[in-house]
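>>> got a predicted structure here, sequence first:
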Amino acid sequence: MPEAVAVLEVEDVVRHYGPPRRPVRAVDGISLTIRPGETVALVGESGCGKSTLARVILRLEPPTHGRIRLDGEDITELSGAALRDRRRLAQMVFQDPYASLDPRMTVEAIVREPLDNYRVGAPEERRICVAALLRRVGLVEEFAERFPHELSGGQRQRVGIARALALQPKIIIADEPVSALDVSIRAQVINLLMDIQRELGVAMLFVSHDIGVVAHLSHRICVMYLGRMMETGPTETIIRRPQHPYTRALLDAIPVSHPSLRRPRRLLEGTPPSPSNPPQGCRFHPRCGFAQACCRSAMPELRSLGGGTSVACHLAPLADASSTQGDHVQ
Amino acid sequence: MLKYVGLRLVAVIPVVAFVVVAVFLLLHLAPGDPAALIAGENASPQQVALIRARLHLDEPLLAQFWMWLAHLGTLDLGNSIFSNQPVARLIAQRIEPTLMLAIATTVLTVLFAVPAGVFAAWKSGSTLDRGVMLMSVSGFSIPVFVIGYALIYVFAIQLHWLPVQGYKPLAGGLWPCLRSLLLPSIALALLFSALVARVARATVLEILSEDYIRTAQAKGARTPRVLLLHALKNAGVPIVTVIGLGFASLIGGMVVTESVFNIPGMGRLTVDAIMHRDYPVVQGVMLTFSVVLIVVNLLVDLSYSLFDPRIRYRGK
Amino acid sequence: GESVLRIKATGDLKQIDPLWTSSYPVRDMAYLVWDTLFAMDAKFNVQPQMVGKYEISGDGKTYSFTLRDGLKWHDGKAVSSADCIASIERWLKKDSLGGVMAGYVDHFEAVDANTFKLVLKEPWGLTLAALGKISSYVPFMMPERLAKTPPDKDVTEPIGSGPFIMKIDEWVPGSKVVYVKNPGYVPRAEPASGMAGAKIAKVDRIERLHMPDDLSAINALIAGEIDYIEDVPADMSPLIQAQPDLVMKARDPLGRSTQIVLNHTQPPFNNVKVRQAVQLALSQKEFTQALYGSRTERFRICPAMFFCGGPYESDANSERVMTLDPAKAKALLKEAGYDGTPITVLHPSDLKLQDDQCTVLVQALRRAGFTVDDQIMDLATMFSRRTNKGTVKEGGWHAFVTGWGGVDLMSPATNVYMTGACDKAWFGWPCDKELQDLRAAFFKATDEAERKAIATKMQARGMEIVTYIPMSQDFLVQAWSKKLSGVIDAPVSVFWNVSKADK
Amino acid sequence: MAPAPASGPGLATTVPAPRRVAFRRPGAAVIAGVAVLGTLVVIAVVAPLLIHDYVSINTGARLLPPGSEHWFGTDHLGRDIFDRTMVGSRNSLVVGACVALATTLLGVLFGLVAGYFRVVDSVLMRAMDGMMAIPGVLLAIALVSLLGGGLWTVIVAITVPEVPRTARLVRSVVLTLRELPFVTAAISVGTSTPKILLTHILPNAVGALTVQATYVCASAIIAEAVLSFLGVGTPPDIPSWGNVMAVGRQYFQLAPWIIGFPGVLLSVLVLAINTLGDSLRDRLDPHLARRSGL
Amino acid sequence: MIGSPLLDVANLSVTFGSGPAAVRAAVGVSFTLEAGRTLCLVGESGSGKSVTALAVMGLHGKGAHVAADRLALAGESLTGVSPARLAAIRGREISMIFQNPMSSLNPAFTIGYQIAEAIRLHEAVDKAAARRRALDMLEHVRIPDARRHLDSYPHALSGGMRQRAMVAMALACRPKILIADEPTTALDVTVQAQILDLIETLQREFATAVLLITHDLGVVAEMADEVAVMYAGRIVEKGPAAALFDAPAHPYTEGLLAAVPDHRSARKERLSEIPGNVPVVNREIPGCAFAPRCARARPVCAERSPRLEAIAAGRASACLRRAEIEAERAGHVLPCREDRHA
Ligand SMILES: Nc1ncnc2c1ncn2[C@@H]1O[C@H](COP(=O)(O)OP(=O)(O)OP(=O)(O)O)[C@@H](O)[C@H]1O
Ligand SMILES: Nc1ncnc2c1ncn2[C@@H]1O[C@H](COP(=O)(O)OP(=O)(O)OP(=O)(O)O)[C@@H](O)[C@H]1O
Ligand SMILES: [Mg+2]
Ligand SMILES: [Mg+2]
């Protein structure tokens, strides 16, 4: 990884909803750095605050607390024209390829909109630019005149990606861009994202709940649970030597890839508690098989374990073989 | 829940304040002078001037408004400037027929329009569906006075089944009262049903494509049960909403119906009062109407929780 | 059982004080509750009513009245001289004829509980006629405490001494008024005639219903839900005629009439020639036909300003009114230099009758070359607009249509139009010294022949300066069930003497 | 109201293949609706050009039944019902169209502003609530009293009580739409708020608005009839189906043609408008239109 | 575990609409399901899985035209039975749970009511008894604090709990067959594992046959005894799970298996993709429906329709070039197999 200035720095960001007395703690103190050309994945169960964090990073909503620096500039306090000006550096790809395209606009108009907004080039040039963008995401020119409902899911997601690329952002924030897609299409879009990233050197925050997909394309993984960061580190390390019991549980829950690999299931019981009423101490302790007294009382801080890995668990590092499946360490 | 109701009622204050000020201004800015009307067609200009002074109509608008507000503060709606009767008494006399008519109409509408809508949704696309919808739209497209005259002509004049006009108070027994309300409430229900049946149909149609309807069928429930239990309960919220919304337009229809069937209700009282610039009465009546409509809306909102358990009321 | 008379009258009873409004419904209903000292019989002769006997002194200046025995207010107290004096005094202040009479009155004097004297400054031949005046404002007798109500306040308690008692607690303004028989009423011995004679309540209860919809009312009469309709619109009479058990008749032989009123202060109507052009532009025939078609029994073409059928009927100077000649009207307009100033017609649209009349008027004016601004409004606006003396810009007006009953118009004493009192005149504000002088002479005149001659002169002058334009007369046709009997002919709809059979 | 279902992978919304909305041939009802409306519009435009004298009173020809001379008969002032009905179609259509247009414009303005700017929202919506708390007909009567009779007065009087409902509808559509990802997407590519309102939100509200507008149009034509019935409608020299019928109400039993002919035309028109409204809803935006209730 | 086929479907086809715009959502679908076994129906969105399941349940509305040579439950034919009989069978003999637990439970009734209703529709028990049985079932599906949740409305439950409640409702009358239409797609992986485990446990306990519909090959690998792969309304490959994963006999199956990213490999390589899009099945496609996307397609594939042909014990495939591909592939090892042997 080139040691350049970070594209995105998120510092202790908190986002609460609802009444301050008993807020929904959607994001509760997340820090994160993404360097140019790097793909960082954000994984966690539904409702853990991934999308909220993504929206806060783009300043689509204000953080309750914390700082966000985009390409070295603090955008936490920006608003209006200044914010719009910075926003072009970070673009988003959305989960739902159906809802994220205006059904009444043609593909061309959709991709062109950001160019118009920022007056990129002369109006005639934009047309050429749009054509180039569409080609880049693998759509032939004839798609330009179509409406979203005339496209398949994969094609729509490509349009979404083209739109995100239009302003040549430094970072792309992709919120579950493939989870609504079919298996065969998913592979196409993942490949496209990886190609683009490699070619353009753009950084990417890839939000997903599918650790399988994440492992495939990310350099680093951040595991979130109930608004908190549980573990973060290089993908390789996280997949092979997960230190947090929650990360392990996530990995354990992935279905096997061949019937002959079936094994007794190691279930993570229960569901995440409500973010408006998180448990005392470690957020994960009610579902954790290793929980000790200290887990119930004290909230563990994110600690570095070296090798770029940090874990928020009192018990880490965990003894290896005793608790994990052979699968994780090959 | 109580807290919710309380907060809702507090939230009503600005709305009512708006109504009060708007109605006051509207009326007092309108040309036309109650004094001239009180004096009568053949009165002399001097007599008119005398009455005008007596009614404080020559005072500035603001002074008149304060006078009325001061009365309102003591829960006094004032007296009619014509009959000199307390406005509260006039409203009390008139509210029963209107309320009974509204209730009878709503009941008739629910009895007719909801099953019609459900049926049309179930058989959607069929001739029956189109028939039901055509009927309901026709009901909406014929002015209520035409329907009223036609009903009177057929059922009262030709067949002698029901009275031509008039209202028998509830105190004289339920049946005579209902008999006197049957024709007017049918006339109004035809109008109202158009709205309700359409919404009922659209809602049920949408609900029938919901997953839980398939679930109900998958566990072996037969069609009537699916339609009337599983679908209808879920259709409750939009149907009740449209009934609540329709209530306001129902009042409009009532003004006409009360004239045609000679029912001494609030609608006629209001129209008379507006036409005669009986300011205290108009203000009192409009205040009552707005409170009634607000209460109806509140009831509608509260009834949502009967149909949809997801809606619970906490002060918010 | 109890006999109940259900009547549908025209208009709503909006208030109860007959001296507070000129409205006919209030006048009619007041007759049930309140009694009068004198009244006119069917032949318009003044007859004593509450008064048992009376004397006029030789100099014609002192009238002494003795009340009949047994007269009682509805609250049980006996009727006294003081009550009557207070009532007359209030009337003198409110009524315009009363105002004229007040000029003659010196003082009242209560002789005893039943007898009182009226002393005049000089003899006045119309004294009894004034006290027996039958149309608004009628000098009704009220208990002293009500009669003492200041003239700028209205009476709100219906306590009278008449044959019926109003149940104020059952009053639903805008819908229903209830009267019950007054068991303590002592009627006169003479048979009922006009407003005079025996007022015997023959039903136990009268319910006066306000029904805004004429068709519903007629259907209700046909269905037997009500017994009586005060005004059957001409076009709907076939519905009644088709019913064998209904009677249809005009009770008031005089009827009422329609007038076109022009604003004399407003150009171009400040020019007499332009006003006369309007006379030529209109046709009574057209007006009546528009309203009554060929039902000739419903109307009467009439050139008289003091009413056809009244004592001062005349056709003096009526050629312009009686001829329709748009061409001549145009010529007159040209002569007068009419410049096309729009004529603002106050056109109320919420009463069918006036709506139709205005529609005809507007068309006739346009035909004669007037530019017309046909201003649609409601009655309330029209009533208040016509009080506006300002220019059209300031909310003023040029013309409106109205109607009066024959009882009011038939005498120069009560006909509001026949003055030239300028600012003090009725709407239209005609200003004419000659007419004023004639009017004064009429009041001074002592014998009937002289009055008649003056009245004819007044009409000639009135027609000349166009104080108003008389359109046709028409008759208010009532319909009632054959179950009713004893309905008396009178210019005022009253319901004593009426009885209702069970079947 | 309902908690939005958590979005997981492979939800039912994933229909991958191009969902081209096939061109559906318009149904018989729609064709009939268009035909009726078209005919009436043609009549409304042409009739006043051909028929000049629809106000003349002819007292010799009162209450004539339909015949060769007067196809639809005459009214109590001898005016020809056919002429008045034909010319009246223009005024009725003008009332319907103007009210629908004005309501929609004002409703969109208030609704957009209220839906997107929280600051104005509460004030504006309280005012709208207040107006909705006054029964529409009564408000209209009061307005006619205030403004005096006339075609435009009637239009204003019918429009004012209708505006809050459209405004509320637009507001609710805006509130729904602005939470949709494509609006978020527009914000994130730097689209300004006014542009979002005009290019993303408004076009997507068109379906719901069209339905509402047809509904308002139909009810305005009826409301005009009701106002005429109450004596505060359009003046007699501006004939409309409403005031022709209002004149005819007394003659319902004696001269049913007065109320009958305009009545039938009114019903047919309202029916046609409603039919078109419904099919437009299905066509333009089934989803939003249905969600918004009416 | 060999029994007579509990569910026997032969040549089932479902068509929506008619004429040129008709959607042939299922064409010639045949399969059998035996007691206690799990058959997985896999395929991408729109391939006709749900349509097939609904046809078995007789739940299609009037828009659908269902035809089958044989559609029999334990020997009793389900084609043309009376609505009353069909209602009696549904929920008692054969139950179904749906993809989205959020919308499959009626939001207006309590969980307890809905489960008790399922019981009372089929058994003459009183309210209290049905309620007790409902409570039993809730405990069975391991809903914590079952007594309280009996009176909860669906919205108060998390997705996983709702799906458990659905399972409880479906199994309340101990049906012979449970059809589960993508029961875990809307759920998190951790919860998915819980639900799959639950279904497996109850299946064992009640000896229920399960027809599991999914698009996730991982779920298939976890659950299936038999697998049927659908594409564009047809079954393109069928066979025992292990054998099918070992050596997919149809290029589509092969492509699907290869397109799944595998976290264990952790190599940032391009995934193998199937080009093109999933087709809509609104017209008769000449030849093989998969041909336009198939890397192994030859001109013949666009002309002749392949038929599902038996290829080995219990296995069948619908590929014209199966034999050739088999040959081509000799020596070539699929990534997933390599993985497993690593
Ligand atoms: N506008 C909001 N108001 C209140 N609560 C909210 C709001 N947006 C999100 N939340 C809550 O914040 C929490 C985190 O939501 P978020 O959408 O960020 O989760 P997520 O990790 O993206 O989940 P998913 O995988 O389902 O997309 C959830 O509990 C959600 O209910
Ligand atoms: N009621 C219907 N009318 C018309 N077409 C339908 C209908 N229901 C389903 N289809 C079509 O039938 C085809 C198969 O649909 P089906 O629901 O069986 O797919 P699926 O395999 O279950 O997909 P998913 O994974 O999305 O649930 C699709 O192309 C769909 O569009
Ligand atoms: Mg999310
Ligand atoms: Mg499916």
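Yep, that arrived. Ligands and ions are numbered 1, 2, ... in the order given.
>>> going forward, measure contacts between C-alpha atoms and count neighbours the same way
Noted.
>>> so which helix or strand takes in the residue in the stretch 101-250 of chain D positioned nearest to chain B?
Here the residue of the stretch 101-250 of chain D nearest chain B is residue D:146; by CA to the nearest CA that distance is 3.8 Å. Using DSSP states H and E, the secondary-structure element containing residue D:146 is helix D:136-147.
>>> in the next helix or strand after that helix, what counts as buried?
Going down the chain from helix D:136-147, the next helix or strand is helix D:151-177, by DSSP H and E. Going by neighbour count (16 or more other CA atoms under 10 Å in any protein chain shown), the buried part of helix D:151-177 is D:151-175, D:177.
>>> contact partners for residue D:278?
Under the criterion of CA atoms under 8 Å, 6 or more residues apart in numbering or on different chains, the contact partners of residue D:278 comprise residue D:211.
>>> okay, and for the stretch 1-150 of chain D, where does confidence drop off?
Using pLDDT under 70 as the threshold, the predicted model of the stretch 1-150 of chain D has low-confidence ranges D:1-27.
>>> run through the residues of the stretch 1-150 of chain C sitting next to chain A.
If contact is defined as CA under 8 Å from any CA of the partner chain, none of the residues of the stretch 1-150 of chain C are in contact with chain A.
>>> now the strands for the stretch 1-150 of chain C?
Taking DSSP state E, counting those that start in this stretch, the strands of the stretch 1-150 of chain C run over residues C:4-8, C:35-36, C:38-40, C:46-48, C:51-56, C:62-67, C:105-110, C:115-120, C:140-141.
>>> pLDDT of the fourth one, averaged?
In this model, strand C:46-48 carries a mean pLDDT of 94.
>>> relative to residue A:298, how far out is the closest residue to residue A:285 other than its chain neighbours?
Spatial nearest neighbour of residue A:285, excluding adjacent residues (CA to CA, 6 or more residues apart in numbering or on different chains): residue A:291 at 5.5 Å. Taking CA to CA, to the nearest Å as the measure, residue A:291 falls 12 Å from residue A:298.
>>> neighbour-wise, which of those two wins?
Set side by side, residue A:291 and residue A:298 show more neighbours around residue A:291, with 17 against 13, by other CA atoms under 10 Å in any protein chain shown.
>>> now do the helix holding residue D:146: which elements does it pack against?
Other elements packing on helix D:136-147 under the criterion 3 or more CA pairs under 8 Å, 6 or more residues apart in numbering or on different chains; DSSP states H and E are helix B:2-29, helix B:232-260, helix B:266-276, helix D:151-177, helix D:202-229.
>>> touching chain D at all, the second one?
Think helix B:232-260. Yes. With CA under 8 Å from any CA as the criterion, chain D is reached by helix B:232-260 at B:238, B:242, B:248-249, B:251-252, B:256.
>>> can you tell me if that helix touches chain C.
Yes. With CA under 8 Å from any CA as the criterion, chain C is reached by helix B:232-260 at B:259-260.
>>> for the closest residue to residue A:210 other than its chain neighbours, list each beta-bridge partner.
Of all residues beyond its chain neighbours, the one nearest residue A:210 is residue A:43 (7.0 Å), with distances taken as CA to CA, 6+ apart. On the basis of DSSP bridges, residue A:43 is bridged to residue A:208, residue A:223.
>>> so how far does stretch A:247-258 reach from one end to the other?
22 Å.
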